[in-house]
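In: Sequence plus the predicted model coming up.
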Amino acid sequence: MAITWEQTTLPNGLRIVTTPMPTTQAVSINVFVGVGSRSESQHLNGITHFLEHMVFKGTERRPDAIMIAQAIEGAGGTLNAYTNKEFTCYWNIVPYDRFETALDVAADMLLHSKLEQEEIDRERTVVQQELKRNHDNPGAWAGRLIGTAIYGEQPPGWDVGGTVELVDQWQRPDFIAHIEEWYRPSNVVLSVAGNVTHEQVVQLAEPLFREMEPGPLPGVVPFDATISGLRVATDSRDIDQCSLYLGLPIFGRDDPDRFSLRVMNDVLGAGMSSRLFKEVRERRGLAYSVGSGYGFLSDAGTFTISAGVNREKLSETISVCIHEAERMANETVPDEELRKAKDHTIGRFRLSLETAYSLGQRHGELLITKGEIESVEEVVAKVEAVTAGDVQAVARRILSRDLLHVSAVGPKLDEDEIAAALGA
């Protein structure tokens, strides 16, 4: 059955998209704001993420975090939020008969947060502990290092959460100014999926969000491809395993090669049937976990290979991963393997869209980042159209040893040794 949706733009510019699912018991409410860490100046790096925390701390009608949480959780629902490099999302999921309350809570949080200085001071420690937790997680920190290595010292390369030192500095006027700059209706998408009609959503949302005042949005600094970070980034720690990333820069989310990349990634490193899994884990026993992936920004992106390996196997693992990547560029994928990769890609894509939350997230993210929604069947058709030649072409386009960066967190790391394995 085809997935359908409806869109409406309110008079102030806020966009609404609804995805009806009349057989589900749930409604998912997702409010996307087009501001993330790459929108920030360096001295405010991390304030978007900090603000995301503060929105949960109380409004005039719901004065504290407990009242906000109970309004959703008391109905059996869930609420949360996240921030990335290009947007922020506030979401909740409730039984469909509590939709009106859930939408009211979402709008109240977004528009009427008190942002009390006392709460800001209290939440600083929480945000700082989140940053410290990420640092203490070797896999997460290796992922952070590879992003900085690929993008370098420019907004896409900065941590979404900023630094412990920066978080310590901001005061209430900084948050107010950030909201006034970025929380404009033209920069907001309300995406609702579940057992609700488009008419219900628009009728309830219009009075809740009409107070948002239109206005110009600041510009975002374009990605500068001439800037990059360390070729080899390491953090030696007295732990048992090395968390390894190899990565390089790629194109942005609208590039025509994105579907070829999707299939190429599936062949190389998506799942237990992938080449990396079979060669690195099954044949050589070098790692328990290994795989590849990619992430897009509007004008840039990253492609990464990651693995968890013993220290003495680090160089060999790097060499094997590079060899498998270069095979993608040097050899045409056989027809049977291509067919399996397409089936796996399409199947995973379809199965990822089974819930009200997943559809609300997909349609809201596409609207806030691309301005339009590709149907499921359009995506499937474009994946099906990818040829073995397309896969090899995109591999040749992006998989350059000269552009590779490596990050590793583990015991007794030697940057010269890693650089030699990289071919640097």
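Out: Nice, I can see it.
In: so where's the protein shaky on pLDDT?
Out: By pLDDT under 70, the weakly predicted segments of the chain are 424.
In: Would you map the strands across it?
Out: 6-9, 15-20, 26-33, 78-83, 88-95, 188-194, 232-236, 242-250, 287-296, 301-309, 405-410 (DSSP state E).
In: List the strands paired with the third one, with their directions.
Out: Strand pairing for strand 26-33, determined by DSSP bridges: strand 88-95 (antiparallel), strand 188-194 (antiparallel).
In: in the helix of greatest length in the chain, what's buried?
Out: For the chain, the longest helix by residue count, based on DSSP state H, is helix 117-136. Along helix 117-136, these residues count as buried under the neighbour rule (16 or more other C-beta atoms under 10 Å): 119-120, 123-124, 127-128, 131, 134. Where you see a C-beta, it was placed from the backbone N, CA and C, and this is true even at glycine.
In: In terms of secondary structure, what does it contact?
Out: Judged by 3 or more C-beta pairs under 8 Å, 6 or more residues apart in numbering; DSSP states H and E, helix 117-136 is in contact with helix 47-54, helix 138-151, helix 164-167, helix 172-182.
In: what's the most buried one of these?
Out: Sort these by mean neighbour count, taking mean count of other C-beta atoms under 10 Å, and helix 47-54 sits at the top with a mean of 24.
In: name the helices or strands packed onto that one?
Out: Judged by 3+ C-beta pairs under 8 Å, 6+ apart, the packing partners of helix 47-54 are strand 78-83, strand 88-95, helix 117-136, helix 172-182.
In: so which of these comes closest to Ala225?
Out: Proximity to Ala225, assessed across those by C-beta to C-beta, is greatest for strand 78-83 (24.7 Å).
In: show me the contacts for the nearest residue to Pro222 once chain neighbours are set aside.
Out: Across the structure, with C-beta to C-beta, 6 or more residues apart in numbering as the measure, the residue nearest Pro222 apart from its sequence neighbours is Asp299 (5.9 Å). When contacts are counted by C-beta atoms under 8 Å, 6 or more residues apart in numbering, Asp299 is found next to 222-223, 252.
In: now that we have those, which one has the most neighbours?
Out: Counting neighbours by other C-beta atoms under 10 Å, Phe223 comes out on top of those with 20 neighbours.
In: so that residue sits right up against Pro156, yeah?
Out: Yes - Phe223 sits in contact with Pro156 when judged by C-beta atoms under 8 Å, with a separation of 5.7 Å.
In: Could you pull out the residues contacting both of those two?
Out: Common neighbours of Phe223 and Pro156 (criterion: C-beta under 8 Å, 6+ apart): 297, 300.
In: tell me the domain boundaries of this structure?
Out: Per the record's domain assignment (automatic domain parsing), the chain is made up of the domains 6-209, 232-422.
In: I'd like those as TSV, with distance to Gly215 appended.
Out: Below are the domains of the chain laid out as TSV (distance: least, C-beta to C-beta, whole Å):
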stretch	distance to Gly215
domain 6-209	5
domain 232-422	17
